[in-house]
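Engineer: next comes the sequence, and after it the predicted model I'd like to discuss.
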Amino acid sequence: MPLLIKILLIVIAVLLVLLVVLYIFGRKAEKKADSQRKTMEGQSQMMSFYVIDKKKMKLSEAGFPKIVVEQTPKYLRRAKVPILKVKVGPKVMSLMCDGTVFDSILPKQEVKAQVSGIYVMSAKRIRGPLPEPKKTRKQLKEEKKAAKLAEKAKAEKANAKSK
């Protein structure tokens with residue numbers, strides 16, 4: 001067999017082994033995350049608070065206790081996470097939250113949320129409607145294209161009826 005074919009077979013075998021290993025680790029991580037989510041849901045409690053501010057910042061800048069920062073994985077310490085600055089009764093606290101919760105909450109509003117420790121799992125506004133998420137440029141372009149296609153189809157129907 002030529003040398004090139006041998007090299008290709010070795011590369012393909014290594015890639016297959018790598019894919020199998022990644023699949024196994026992914027399944028284990030998925031199970032672990034699922035069990036952690038269940039324990040968080042079991043320990044969570046409903047809480048109402050006033051959202052003062054919301055930002056995406058590093059854990060060290062957020063003002064969390066030193067223990068919390070030490071317990072987080074090193075790769076997450078440098079990453080920006082969604083942080084809510086809230087007022088619970090007379091106390092002002094910083095809470096971490098889920099990305100979907102971060103998008104659905106606006107500052108300067110009262111919220112009823114399901115909180116597990118310092119992590120906000122879900123939230124509902126007490127007063128007023130939910131804010132509409134901002135549309136990205138890609139979504140706006142797609143809507144314009146859809147509107148143009150609808151106009152063309154309408155014009156073609158009108159032309160077909162007049163003939």
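Structural biologist: Perfect, thanks for sending it. Residues are numbered from 1 along each chain as shown.
Engineer: ok, now which ones touch the residue most central in space within the chain?
Structural biologist: For the chain, the residue sitting closest to the mean C-alpha position, by CA atoms, centre = their mean, is residue 99 at 3.5 Å. Going by CB atoms under 8 Å, 6 or more residues apart in numbering, residue 99 touches residue 82. Every C-beta, even on glycine, is put in place using the N, C-alpha and C of the backbone.
Engineer: how many neighbours does residue 113 have?
Structural biologist: 23 (other CB atoms under 10 Å).
Engineer: that one is in contact with residue 50, isn't it?
Structural biologist: No - using CB atoms under 8 Å, residue 113 is not in contact with residue 50, being 11.2 Å away.
Engineer: how is residue 110 assigned, secondary-structure-wise?
Structural biologist: Using DSSP: H, G, I helix; E, B strand; the rest coil, the structure places residue 110 in strand.
Engineer: let me see the contact set for it.
Structural biologist: 48, 49, 50, 51, 125, 126, 127.
Engineer: repeat that for residue 54.
Structural biologist: With CB under 8 Å, 6+ apart, residue 54 has these contacts: 82, 83, 84, 85, 102, 105, 106, 107.
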